[in-house]
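Novice: Got a predicted structure here, sequence first:
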Amino acid sequence: MTDSNPPLLVAFDLDDTLAPSKSRIDPRIGELLIALAERVEVAIISGGQLTQFTTQVVDRLPDASAAVRSRIHLLPTCGTQYYRLTEDGVVTVYKRSLTDDEKSRALAAVEGEARRLGLWESETWGDILEDRGSQITFSALGQQAPVAAKMAWDPTGEKKNALRAAVAALIPDLEVRSGGSTSVDITEQGIDKAYGMRQLAEQTGIALDDMLFVGDRLDPEGNDYPVLAMGVRCHAVEGWEDTAAHLEQLIPTLPVRV
């Protein structure tokens, strides 16, 4: 895709791209997402689970026609689950799961290594470990930790990257990667946001060359980087305000679909 060839699909990371971590989208973002869906397909790909997508985004979208809402694609846990919006609500396209053995080994490995490295915190907001069906997630401060605490815990990413490497060495048959600001995600081998983008291409029939991805972690250590590495055109942001500003420039260049 070139600048003269506008995207047919725009995909977004969620936390720190559309909203602060685990927070609801600002009304400005909601309006922009609907305006975008009036023109192209819109997708959200994140390591989070469906309830996050629903609470943070879907429940905050302004009213729109069924046709417009049907152009919104939700890919939790990096695309191991895929949902669409319909008049009847959120419907499942597919949902894959780790085996019980994979889950138990992943949970044991990440807890054991977090404790060994001194990263198992005693004061947390919610569960540290979470079974998301197709993904095991470690959140150092718990799932409901305030944004300020999460940003302060590991500003350089050193703790998270050390844990990721230690866990990956113990379960080489599974994919272990850095997730959000305090999280490590474990899935089947080969599952990352590039996987989610390939699923989007398969489900929509839209070529990767006709897609645009917007994310805040496109650096080589970031969980958005696999999308950049696969050759999809990407736009880097540093927060939802950057995303809103980019969309306000992009949307007027795209024709409204009938």
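Specialist: Arrived safely.

Novice: Name the nearest residue to residue 15, ignoring sequence neighbours.
Specialist: residue 21 (4.3 Å; CB to CB, 6 or more residues apart in numbering). Every residue, glycine included, has its C-beta placed from N, CA and C.

Novice: What strand or helix carries that neighbour?
Specialist: Using DSSP states H and E, residue 21 sits in no helix or strand.

Novice: what number of residues lie near it?
Specialist: For residue 21, the neighbour count with other CB atoms under 10 Å is 18.

Novice: tell me the phi and psi of residue 28?
Specialist: phi -60, psi -40 (degrees, to the nearest 10).

Novice: what's the spacing between the nearest residue to it once chain neighbours are set aside and residue 118?
Specialist: Leaving aside its chain neighbours, residue 28 sits nearest to residue 244 (5.4 Å; criterion: CB to CB, 6+ apart). Distance of residue 244 to residue 118, computed by CB to CB, to the nearest Å: 39 Å.

Novice: Of those two, which one has the most company?
Specialist: More neighbours surround residue 244 than the other of residue 244 and residue 118, with 18 against 8 (other CB under 10 Å).

Novice: OK, contacts around the nearest residue to residue 225 once chain neighbours are set aside?
Specialist: Leaving out its chain neighbours, the residue that sits closest to residue 225 by CB to CB, 6+ apart is residue 218, at 5.7 Å. Neighbour list for residue 218: 224-225, 227-228, 234, 236 [criterion: CB atoms under 8 Å, 6 or more residues apart in numbering].

Novice: again, but for residue 133
Specialist: So residue 133 contacts 49, 77, 80-81, 95, 97-98 (CB under 8 Å, 6+ apart).

Novice: what sits against the residue nearest to the spatial centre of the chain?
Specialist: The residue lying closest to the centre of the chain (CA atoms, centre = their mean) is residue 46, at 1.2 Å. Residues counted as contacts of residue 46 (CB under 8 Å, 6+ apart) are 13-15, 52-53, 75-76, 78.

Novice: ok, now residue 139?
Specialist: 126-130, 145, 180, 182-183.

Novice: let's see it at 10 Å
Specialist: Neighbour list for residue 139: 22, 121, 124-130, 145, 150, 179-185 [criterion: CB atoms under 10 Å, 6 or more residues apart in numbering].

Novice: How about residue 141?
Specialist: By CB under 10 Å, 6+ apart, the contact list for residue 141 reads 121, 123-126, 128, 149-150, 152-154, 181-183.

Novice: Which is the succeeding secondary structure element to the helix or strand hosting residue 152?
Specialist: Residue 152 belongs to helix 147-153 when assigned by DSSP H and E. The first helix or strand that comes after helix 147-153 along the chain, using DSSP H and E, is helix 158-170.

Novice: still on that earlier bit, can you select the buried ones from the contacts of residue 46 in PyMOL?
Specialist: Buried residues among these (16 or more other CB atoms under 10 Å), as a PyMOL selection:
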select buried, resi 13+14+15+52+53+75+76+78
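
Novice: which ones among the contacts of residue 46 are found in helices?
Specialist: Mapping the contacts of residue 46 onto helices (DSSP state H) picks out 52-53.

Novice: could I get the contacts of residue 46 as JSON lines with pLDDT?
Specialist: Formatted as JSON lines, the contacts of residue 46 follow (pLDDT from 0 to 100):
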{"residue": "13", "pLDDT": "96"}
{"residue": "14", "pLDDT": "95"}
{"residue": "15", "pLDDT": "92"}
{"residue": "52", "pLDDT": "93"}
{"residue": "53", "pLDDT": "96"}
{"residue": "75", "pLDDT": "96"}
{"residue": "76", "pLDDT": "94"}
{"residue": "78", "pLDDT": "88"}
